[in-house]
Each structure stands twice: as C-alpha cells, then as structure tokens.
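Student: this one's structure only:
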C-alpha cells in the first residue's frame, strides 16, 4: 500500500502515529526515499516557476543542440564488466563476436554519421559530437575530417571507452577516476580535447558528478531532469561531503527525444512521427522560453537516424528548426 504524500514530499502521518523521522527509524537521505527535493547532494531542488527569469543573449526562446553519439562495440571486455541493460540495434546479448550488435554501431561509423552530419551541415546547424575512445582510435580519418570542418560546425564530447564499457556503480573511486582520466588522455592523443562529458547510455555512478571536474570535465549531458542548464552546487567529495565552488554544469537532455528510446521497441515511433515530435518540442519551448529561456538537447545515433529510410524525415525536421522563430 502506498503511503499518502504530504506537502513537501514526505509520507503523510496517520493521526496519532509517531513521526518515524524523529524516532530515527526512517532515513530520508538514501536513494529513492521520499523527501523534499533530490535524494543526492549534487544539486538543489529548483522548480522552474520559482527561478529568476533567464534569457539568451540573442533573444531566442530555446537553444537547440542535437548530440550525435558515435558508439563503438568492443569484441571483448574485461571479465565481469556490467553490460548496458538496454540497447538499441542488434538482436540482444549473444556470445562474442556479437555481429548484429557490432555491425549496427559500425554502420553508424561507416555510413550513418556522414548522412546525418551532412544534413545538419547543409543547413548550417551546429551539433555536438560524442565519440568514444574506441571509435576515435579506429577511425582516425573520420576524426581528422571532422577536425578539418568537413562535417559542419561541431563540438566534441567525450563518450567513454566504448559502448559496452560504461561507468557503473560497482567501480570504486580509484577505478572510476582512472576511467575518466584514461578517456580524456586517449581522446587527446587522437586530437580531441574537450571539457564535455556524455556517459554511455547516460550512465553514471553516485560519485560521478564529484569526479568529473577533477578529471577536467566542466559540462555533463547525462542528467535528463530539466530544460535549462544548471550548476551542480559544489564539487562534493565522492562520499557526498560538500565543499568548494561549482565546477560542473549540467546541460540536460530530453530523453524522450533520444532516437534510441523513440525509434526502437517498445515505443517504435515511425520516422515521420519522430521528426514531428522534434519540431513540436522546439516550437513549444520557443514559445515558453520568451520569458524563461530553455535548452533542447537530444541524442541522435547514426546507426538509427542515419538510415536511408529515416533521413528524409529528419532532414524535414532540421529545415523546420532552421526556420522556426525563436
């Protein structure tokens, strides 16, 4: 039976019942506990209506940023490395080599990216390009062509080691710090230097926001909980102790516009329906953002949105975005 919720988010007490908080019987600071605001120390609870008005310098109501995610699938990973629970493309987990899953992501690197980035470039629409280490090291020609400006106006985002080696809560602080540092160092060796981070499938551990700024990252694209950028309150210690000035910003994504969620089962929207959602979201945010500016950040995977039977619908959406007032 679900307990009723009192104003402020805590469970309502029945008449005459002792308050379990005062008796020390209920810890409201653990993950998933009912309490007022977040159940973590990383940022404050700030409902949008209570915020001071924010406006973009150019007067726009919404800034739109597609994120092209270049994922690579490793043939084998270290023993015991947890695998993503959900995956677009392929036909599920199989013994290595998982040709269907490897091939889907390889298609994005070999063909889908160029079709998708070409559409954005043709309309002079900037985008973010999230690439993992495996993709950068095995596709130096792609990296160089992007650095040379052949595929439009883009900003690099670090995207972990590979799609099937994500961050996970089972890592200790030393292992996670080493993972973040290794990603940064190996991407830099490929000519990619960035302070932006996007975890594989939005994956983080409870300590990731504390460790990202220590590893040189200043913006993360993993938190899907807002329509405005926001600062993490502090650079807390990995154990949750607060201290220091904000060193990390969240650029929140709209998870429901991620093509991996929208185009694949169980939602499985058609290309036209998906494209329409993108335009409808931007239109609404442009209107709402006249007084309270918004961001619209969403992920596109080249092995999905870069397919020949979807690109026409996406191109139509990009055209409408380029012409949309605000």
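Tutor: Ah, there it is. Bear in mind that the values here come from a model prediction, so they are computed numbers and not experimental data.

Student: residue nearest the centroid of this structure?
Tutor: When Cα atoms, centre = their mean is applied to the chain, the residue found nearest the centroid is residue 222 (3.4 Å).

Student: helix or strand with the lowest mean pLDDT in this protein?
Tutor: Least confident helix or strand, the chain: helix 99-107 with a mean of 82, by mean pLDDT, DSSP states H and E.

Student: what about that one, distance to the chain center?
Tutor: 21 Å (Cα atoms, centre = their mean, to the nearest Å).

Student: could you list every helix and strand in contact with it?
Tutor: Secondary structure elements in contact with helix 99-107, counted by 3 or more Cβ pairs under 8 Å, 6 or more residues apart in numbering; DSSP states H and E, are helix 302-305. No exception for glycine: its C-beta is placed from N, CA and C like everyone else's.

Student: residues of the helix it packs on that come out buried?
Tutor: For helix 302-305, the neighbour count (16 or more other Cβ atoms under 10 Å) marks 302, 303, 304, 305 as buried.

Student: give me the distance between the nearest residue to the last one once chain neighbours are set aside and residue 143.
Tutor: Going back to what we said before, that points to residue 305. Among residues not flanking residue 305 along the chain, residue 259 sits closest, at 4.8 Å (Cβ to Cβ, 6 or more residues apart in numbering). Applying Cβ to Cβ, to the nearest Å, the value for residue 259 to residue 143 is 23 Å.

Student: try residue 187
Tutor: Taking Cβ to Cβ, one finds residue 187 at 9 Å from residue 143.

Student: these two: who's more crowded?
Tutor: Taking other Cβ atoms under 10 Å, residue 187 and residue 143 do not tie; residue 187 has more neighbours (25 against 21).

Student: and the more buried one, what are its phi and psi?
Tutor: Reported as degrees, to the nearest 10, the phi and psi values for residue 187 are phi -70, psi -40.

Student: coming back round to it: mind picking the two most distant members of the buried residues of helix 302-305?
Tutor: For the buried residues of helix 302-305, the maximum inter-member distance is 8.4 Å, found between 303 and 305 (Cβ to Cβ).

Student: mutual contacts of those two, please.
Tutor: Common neighbours of residue 303 and residue 305, counting by Cβ atoms under 8 Å, 6 or more residues apart in numbering, are residue 112.

Student: list the contacts for the nearest residue to residue 195 once chain neighbours are set aside?
Tutor: Once flanking residues are discounted, residue 195 sits nearest to residue 218: 4.1 Å by Cβ to Cβ, 6+ apart. By Cβ under 8 Å, 6+ apart, the contact list for residue 218 reads 195, 196, 247, 248, 249.

Student: how far away is residue 218 from residue 66?
Tutor: Going from residue 218 to residue 66 by Cβ to Cβ gives 20 Å.

Student: go on, residue 48?
Tutor: Residue 48 sits 23 Å away from residue 66, going by Cβ to Cβ.

Student: between these two, point out the one with more neighbours.
Tutor: A count of neighbours by other Cβ under 10 Å puts residue 66 above the other of residue 48 and residue 66, at 26 against 12.

Student: give me the pLDDT for the closest residue in space to that one that isn't next to it in sequence.
Tutor: Excluding the flanking residues, the one nearest residue 66 by Cβ to Cβ, 6+ apart is residue 127, at 4.5 Å. If you check residue 127, the pLDDT there is 98.
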